[in-house]
Structures are given as C-alpha cells and as structure tokens.
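Chemist: Can you look at this prediction? I've put the sequence above it.
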Amino acid sequence: MLGILLFVTGLYAVRGDDLTVVVSAPTNAVVSGGHFRFCVNVLNAAAQPVAWKFPLEIPCRVQAQEGSADIWAHPDAGDATNAIRLASGTFARREYILKLPDAWVGEMMVKFGDLTPVQLAVNVENPPTTVLAAPAGQSWPMRMLKGSPLEAGEKMDPQTFFKQHIFGYEPMYFIAGTRSPNAKFQISFKYRVFNEEGEPAHSAPWLTGFHVAYTQMSLWDWNGASAPFYDTSYMPELLYSWDHLECSVGGNLTNWFRFDFEGGLHHESNGKAGADSRSMNLAYLRPTCVFGADDGLQLKLIPRVWTYLGDLSDNPDIAEYRGYVDLRAVAGWQRGLQVSALARMGRQGDHAGYQFDVTWPLMQPPLRSFSVYLQLQYFTGYGESLLGYNRKSDEFRAGFSIYR
C-alpha cells in the first residue's frame, strides 16, 4: 500500500498587523490519493477585538518528483466558516482537508498560499491486492470474528472514536428536593452515523448531519418504601442537524448571530404495562437562534414544533396537555452563569408547564477542581413526567449537571 507519512510536526506562521495566522500540521498517515488534514489557527495579538472570517477554500500547491499540482483545500465537514470576532489575546481554529494526488511517492512539499510550506515524506509499502486473502494460518470464519488486522504501528483509539462520534444532546443532570418523587435525573447523547473519514462523507459532506440520539429522564421516589422509581421516559431519536448555518445582514456575515436547524423522529415511552403504559411518536422541527458573540453574553431561542404519529391509545388526550409546540430560552455566558426557561402549552392554550433552570460552573475559582455545574430547577404545571402528563405539580430541586 502506498502511504504518506508526515515526519515533521510543527507550527508555520505568517504575521500581519493585527493577526498571526498559523498552520499546524499534525503527524498522521495518509493513503496516497487520500486526504491530508491540517489546521489554520488565528491569534489576535492586537489590543482590540478583530473581525475574521476563515476562507471557504485555500489554494495549495503540491510539489513532488512527479511534478506539481494546484489543489484547493476545503474546511472539514461541519466545520464553521462564518465570521467571528476575536477578542484581544484569543485565537480560533478551523480544520481543512486537502486531497493528495493519486500514486505520488517520494519527497513532497505542500504550500498553503503565502504560509510557510510543509514537508512530507512518502512511504512505499506493499500494495493491496484486489481480492482479500485471509492471513496465513487464519481461516475465514476466524477472520470474520477477529476483524481485519491493523497495519504496522496502527492501533485502535477509543478516545478518538468517542470524540468524533458521540456528543452531548439534551442537558444531563442529577437533582433532588424534599417532596416525592424527590430525585430527578437525565442522561442524553447523540451519535453521528457517518464517519467523516470515510469516502461517503468526503464525497457528500452533508451526510455527517445524520445522528441517532438517546435521552432518558427518571423521577426517583427515594423517600418512598423501597425507594421505587416513580416514572422513567425512554426517548430514542433519529435526527438530522444543520449546524452553524451562515447568516448575513446587508450582505455581510455577522459575528453576533448563529443559526442551527434540526429535524427528526422522536419516540417516548415509559416502559410500563397496563393502565400505567404511556407512549407517543413525534416528527419535529427545531431551529436554534443564538444572539451574541461566543465570548460574551448570549441569548438562545430554541422553539420546537411537532406533530403526533401513529397510535396514542395509551394516552389519547396527550395533545390537550403537551400541545404541539414548546420554547426554550437560555441567557448567560458559555463559561459562566446561565438561566434557562422552558414553556409548553396544551392544544387549547391551557394546561401549561414551565421549567426554570439556573446553572453555575464549579470549574471556576475557588472550586475549579469540580468539573460539574451547580444546578437549581423549578417546575410548575402539567406534564413533568409521561406517566403524570395530565397532573399538575410544583417541584423545586437542586443538584449538579455535567452538560447543559
């Protein structure tokens, strides 16, 4: 197999009046004709904030013994290129992908426009055969059980896998109060279906927007006899997300507004039988509008609209209490205090439910060793749990969260 191995890891920079632009070239192996990744880092060394927009493409010249080729590098799939505002002394980073010429070997140099070039060394290994053969002494059934052998020097990296595929989704917390059911906790994550390193995502970057998600919210009555769980909602989803869509005002990209959009299919049930069984299926749309720069005060508005699908025989009047729309508003700082409010109305505009949360990061001094948020939550109205969707409750709880 032809392989290209970066043997230099370093920083290559060009300095302007206000900004220092740096290309970081991490060491990685790339199949000949495959994709070489590098990062563009921008540091604001000026005393004042500076506006910056990462380019949608970077002209690159690849030089090797076979000749030279002019190739355009593009941002990684899902990597934002919208305008940003860099505060004094801060930096921003974007990852770019460059497709290397097929079958080029030997010494190679990549020039990134006016930036300092990067030297590449090319490794030549045994080319793959068109028909996969089982390793000597290993039968096909055993090969299927064990999987394909790794190349020399390559290893599985679970941390990288989780970082590239699994993300926080809904808030995750554990809180408790004095009234039954007094404890409440929620876990949530989403999984990106398509590997951005694979050929489908390189050919069609929009595929990386497909995710599956799972959220579980439980009410735990630990004050009751034998400390039973009052109710648990299990919520798997299939969704597609468009993140960091570019927005402009008067033809100019803004650095104070961001727009995301999400749509999907959502199932919710409580896993109970008989009279306590509850379940529903939704198709929903959820835009997210963010006002304010990342390093300042922000306001997020997250409305969601949905329609019910399929059988609602477990809870035929749930639309009278859950309705067809809710709105979440979040105000605060990304690294500081945040206050959020969630409002939901029934179909007739009544049977409302409201939830208010206040979170404060304990990563700040003097408790910087705790990687959690202090959380206060107050719920009033209908529908805190799926089992009690048609019952009114008022609950105050406090605890901690790990994702908000």
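Modeler: Yes, it's here.
Chemist: Going by C-alpha atoms from here, please, whenever you check contacts or count neighbours.
Modeler: Fine.
Chemist: In the protein, where is pLDDT below threshold?
Modeler: Along the chain, segments meeting pLDDT under 70 span 1-17, 25-31, 77-83, 121-157, 197, 246-254, 365-369.
Chemist: May I have the strands that pair with the longest strand seen in the chain, each with its orientation?
Modeler: Longest strand in the chain by number of residues, with DSSP state E as the criterion: strand 229-245. The strands beside strand 229-245 in its sheet (DSSP bridges) come out as strand 210-220 (antiparallel), strand 257-269 (antiparallel).
Chemist: Can you say which of these is nearest to Val23?
Modeler: With Cα to Cα, the closest approach to Val23 among the strands paired with strand 229-245 belongs to strand 257-269: 26.0 Å.
Chemist: circling back: now the strands paired with strand 229-245 in CSV, please, with extra columns for mean neighbour count.
Modeler: Formatted as CSV, the strands paired with strand 229-245 follow (neighbours: other Cα atoms under 10 Å):
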stretch, mean neighbour count
strand 210-220, 19
strand 257-269, 18
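Chemist: can you redo the ones you listed as TSV with distance to Leu386?
Modeler: Below are the strands paired with strand 229-245 laid out as TSV (distance: least, Cα to Cα, whole Å):
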stretch	distance to Leu386
strand 210-220	10
strand 257-269	7
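Chemist: quick one: the closest residue to Ile58 other than its chain neighbours and Ser24, what's the gap?
Modeler: Taking Cα to Cα, 6 or more residues apart in numbering as the measure, Ile58 lies nearest to Ala73, with 5.0 Å between them; neighbours along the chain are not counted. Shown here: Ala73 relative to Ser24, a distance of 14 Å by Cα to Cα, to the nearest Å.
Chemist: more crowded one of the two?
Modeler: Ala73 (23 against 19; other Cα atoms under 10 Å).
Chemist: Was I right to think the more buried one contacts Ile97?
Modeler: Yes. Contact between Ala73 and Ile97 holds when scored by Cα atoms under 8 Å: they sit 5.4 Å apart.
Chemist: Other residues contacting the longest strand of the chain?
Modeler: Applying Cα atoms under 8 Å, 6 or more residues apart in numbering, the external contacts of strand 229-245 come out as 78, 80, 82, 181, 209-222, 258-271, 385-387.
Chemist: Buried residues in it, which are they?
Modeler: Neighbour-count burial for strand 229-245, counted by 16 or more other Cα atoms under 10 Å, picks out 230-244.
Chemist: Out of those residues, flag the one nearest to Ile318.
Modeler: Nearest to Ile318 among the buried residues of strand 229-245, with distances taken as Cα to Cα, is Ser233, at 14.7 Å.
Chemist: Report the separation between the closest one and Glu66.
Modeler: With distances defined as Cα to Cα, the gap from Ser233 to Glu66 amounts to 61 Å.
Chemist: Then Thr359?
Modeler: Counting by Cα to Cα - Thr359 and Glu66 are separated by 59 Å.
Chemist: Would you mind writing the CA trace of stretch 358-378 as CSV?
Modeler: Provided in CSV are the C-alpha atoms of stretch 358-378 (Å, rounded to 0.1, in the frame of the first residue of the first chain):
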residue,chain,number,x,y,z
VAL,A,358,-30.1,28.1,36.9
THR,A,359,-26.6,26.7,36.4
TRP,A,360,-23.2,27.9,37.6
PRO,A,361,-19.9,26.2,36.6
LEU,A,362,-17.9,24.9,39.6
MET,A,363,-14.8,24.8,37.3
GLN,A,364,-14.4,28.5,38.3
PRO,A,365,-12.4,29.6,41.4
PRO,A,366,-12.4,28.7,44.2
LEU,A,367,-13.8,25.2,43.3
ARG,A,368,-12.1,24.8,40.0
SER,A,369,-11.4,21.1,40.7
PHE,A,370,-15.0,20.1,40.2
SER,A,371,-15.9,19.5,36.5
VAL,A,372,-19.7,20.0,37.1
TYR,A,373,-22.3,22.7,37.2
LEU,A,374,-24.4,23.6,40.3
GLN,A,375,-28.0,23.4,39.2
LEU,A,376,-31.3,24.8,40.6
GLN,A,377,-34.5,23.8,38.9
TYR,A,378,-38.2,24.7,39.5
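Chemist: name the helices or strands packed onto the strand or helix carrying the residue nearest to Ile58?
Modeler: In this structure, Ala73 sits in strand 67-75 according to DSSP states H and E. With contacts defined as 3 or more Cα pairs under 8 Å, 6 or more residues apart in numbering; DSSP states H and E, the secondary structure elements packing on strand 67-75 are strand 58-64, strand 91-99.
Chemist: can you list those in CSV and add distance to Trp306 and mean neighbour count?
Modeler: Conversion of the helices and strands packed on strand 67-75 to CSV gives the following (distance: least, Cα to Cα, whole Å; neighbours: other Cα atoms under 10 Å):
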stretch, distance to Trp306, mean neighbour count
strand 58-64, 41, 18
strand 91-99, 35, 18
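Chemist: can you redo those strands as CSV with distance to Phe174?
Modeler: Output for the helices and strands packed on strand 67-75, formatted as CSV (distance: least, Cα to Cα, whole Å):
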stretch, distance to Phe174
strand 58-64, 46
strand 91-99, 33
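Chemist: Between these, which one is closest to Phe379.
Modeler: strand 91-99 (38.4 Å).
Chemist: For this structure, which residue occupies the most central location?
Modeler: Among the residues of the chain, the smallest C-alpha distance to the mean C-alpha position (Cα atoms, centre = their mean) belongs to Phe167, namely 4.7 Å.
Chemist: what sits opposite that one in the beta ladder?
Modeler: Beta bridges link Phe167 to Lys190, judged by DSSP bridges.
Chemist: is it true that Tyr378 touches Asp394?
Modeler: Yes. Tyr378 is within contact range of Asp394, at 7.5 Å (criterion: Cα under 8 Å).
Chemist: re the thing from before, Gly399: which of the helices and strands packed on strand 67-75 is closest?
Modeler: Judging these by Cα to Cα, what sits closest to Gly399 is strand 91-99, at 33.5 Å.
Chemist: what does the closest one rub up against?
Modeler: Strand 91-99 is touched from outside by 33-44, 54, 71-76, 79-81, 86, with contacts defined as Cα under 8 Å, 6+ apart.
Chemist: among the residues you listed, which ones are buried?
Modeler: Neighbour counting over the contacts of strand 91-99 (16+ other Cα under 10 Å) leaves 33-44, 54, 71-76, 80-81, 86 as the buried ones.
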